[in-house]
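Participant: This is the structure alone, sequence omitted:
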DNA sequence: CGCTTATTGTACCGACTGGTATTTAATTAG
DNA sequence: CTAATTAAATACCAGTCGGTACAATAAGCG
């Protein structure tokens, strides 16, 4: 409607590129120590003024919530979609491992999952950010659970445990792998540990 | 020698109680968000002045290193000793689980392992603290490895994996359990996940 | 009693934080 | 053109941080 891309609105035209700011902020939070990344630093990196950032995101909490939302849409959603396909359980499980342990050794590349990293950051995350993280987390567990239930129905999941527990277990192991990667541990070892832990599902 | 407890040394008598400070600091770091605990706050809680703390511990890095050292001596050493007994592998493994998932629901009680919590704190830990953490970590892995090797020799460990990998795996799972507890997750669920993950060793 | 030695706490430092009041610049509407 | 509207950036705020200069204090020694 009014969101017409060619909107000759009143006032001074906006130059702040929201997506660019989110890109820079996401990469920064992902790669570096979240607790030591100030808004001032983000502004410096985006070459925007601080009031500009506050006008766009309200406050630090707003920025981080927007970042985690973008991360979910761009990185996590594809994985969740993969869990909704009809592929064989083991095949999907392998894909999950590949995703979690995906190795990108290029210097400065982000390691692990930003969501997990934020969840583990004990720092004072704002309420909105925290709520957003919890929401995504719940969605993930629910997705795992449905996946396991479908696989059980197909006879592809035979381990003796509830779908509920299996979902928690899978989430826990993937989270841990991400956390190890973020800490800089050897990706090959992380992958082996993950595969060993998930082997109880076969 | 000269460390005689009754030393009528010159100068103004010392009133700063090093052990008390370490107790308070350890409990604080253990229970709360490490990144948001300032030296000022520690001083307030110990009722000491800031220069007093600096004289005793040099700087924040020194304090944290001293804390993690105390934690190792008081909390971790007994566990490592347990791993050096001749008890049956499974029995020791059960004890390990009990320790890791030890439930203390009293309000404000520390959850999880301080060492793991510090390792995960992405915040800028000082060099001395970081080195101390790495050292203890290496010791732990080495202890696990020896334990597995002894158990293999006794025929009590039959899983098809190297002692090296088993040690990493055990450490990883215990770390993760600690991390979950610190995050406030349900201790019963954490324990079930841990037991499931360690079941591949039996 | 000073003199020396050692520890104390007050009061401060510069740097940085999240957040904002205020002015200036760029555009459309009339 | 002027007025209205919107966004821009400068310059600031109070608060906190890790860390320190320095003077006061309390003891033994002579």
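Facilitator: That came through fine. Computed from a predicted model, the values in this text were never measured in an experiment. Residues are numbered from 1 along each chain as shown, chains lettered A, B, ... in the order given.
Participant: In chain A, which residue sits closest to DNA strand D?
Facilitator: Nearest to DNA strand D, among the residues of chain A, is residue A:11, at 2.0 Å (Cβ to the nearest atom of the strand). (C-beta placed from N, C-alpha, C; glycine too.)
Participant: Next, that residue: phi, psi?
Facilitator: As for residue A:11, its main-chain torsions (degrees, to the nearest 10) stand at phi 70, psi 180.
Participant: Could you do residue A:142 as well?
Facilitator: Backbone torsions of residue A:142, given as degrees, to the nearest 10, read phi -60, psi -40.
Participant: Can you tell me, leaving aside adjacent residues, what's nearest to it?
Facilitator: Leaving aside its chain neighbours, residue A:142 sits nearest to residue A:167 (7.7 Å; criterion: Cβ to Cβ, 6 or more residues apart in numbering or on different chains).
Participant: three-state assignment of the one you found?
Facilitator: Secondary structure assignment for residue A:167 (DSSP: H, G, I helix; E, B strand; the rest coil): helix.
Participant: Which pLDDT value does the model give the residue of chain A closest to DNA strand D?
Facilitator: We have a pLDDT of 90 for residue A:11.
Participant: Repeat that for residue A:4.
Facilitator: Residue A:4 is assigned 46 on the pLDDT scale.
Participant: Who are the contact partners of residue A:168?
Facilitator: Counting by Cβ atoms under 8 Å, 6 or more residues apart in numbering or on different chains, residue A:168 touches A:141, B:189, B:193.
Participant: check contacts around the most centrally placed residue in chain A.
Facilitator: Nearest to the mean C-alpha position of chain A, counting by Cα atoms, centre = their mean, stands residue A:115 at 3.9 Å. Under the criterion of Cβ under 8 Å, 6+ apart, the contact list for residue A:115 reads A:68, A:71, A:72, A:76, A:133, A:136, A:137.
Participant: Which members of those residues are the farthest-apart pair?
Facilitator: A:71 and A:137 (12.7 Å; Cβ to Cβ).
Participant: the more surrounded of the two?
Facilitator: A direct count of neighbours by other Cβ atoms under 10 Å in any protein chain shown for residue A:71 and residue A:137 places residue A:71 higher, at 21 against 15.
Participant: just to revisit the earlier point, make TSV from the contacts of residue A:168 and add pLDDT, distance to residue A:126 and neighbour count to it.
Facilitator: Converted to TSV, the contacts of residue A:168 look like this (pLDDT from 0 to 100; distance: Cβ to Cβ, whole Å; neighbours: other Cβ atoms under 10 Å in any protein chain shown):
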residue	pLDDT	distance to residue A:126	neighbour count
A:141	98	23	15
B:189	98	27	16
B:193	98	29	25
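Participant: What is the nearest of these to residue B:153?
Facilitator: Here the nearest of those to residue B:153, counting by Cβ to Cβ, is residue B:193; it sits at 29.8 Å.
Participant: Contacts only, for that closest one.
Facilitator: By Cβ under 8 Å, 6+ apart, the contact set of residue B:193 is A:168, A:169, A:172, B:177, B:180.
Participant: Measure how the host helix or strand of the third one sits relative to helix B:163-182, angle-wise.
Facilitator: Yep, that's residue A:172 we're talking about. With the criterion set as DSSP states H and E, the secondary-structure element containing residue A:172 is helix A:163-183. Relative orientation of helix A:163-183 and helix B:163-182, computed by axes from the mean of the first three to the mean of the last three Cα atoms, to 10 degrees: 110 degrees.
Participant: circling back: filter the contacts of residue A:115 down to the ones in helices?
Facilitator: In this view, those that belong to helices under DSSP state H are A:68, A:71, A:133, A:136, A:137.
Participant: The first one and residue A:135 touch, don't they?
Facilitator: No: with contacts defined as Cβ atoms under 8 Å, residue A:68 does not count as touching residue A:135, sitting 9.6 Å away.
Participant: Settle it for me: which of the two has more neighbours?
Facilitator: For the pair residue A:68 and residue A:135, the greater number of neighbours falls to residue A:68 (25 against 13), based on other Cβ under 10 Å.
Participant: how much space between that one and residue B:176?
Facilitator: With the distance defined as Cβ to Cβ, to the nearest Å, residue A:68 ends up 22 Å from residue B:176.
Participant: Could I get the phi/psi values of the spatially closest residue to residue A:180 that is not a sequence neighbour?
Facilitator: The shortest distance from residue A:180 to any residue that is not its chain neighbour, by Cβ to Cβ, 6+ apart, is 4.7 Å, and that residue is residue A:190. Note on residue A:190: its backbone torsions stand at phi -60, psi -40 [degrees, to the nearest 10].
Participant: Right, I'll leave it there.
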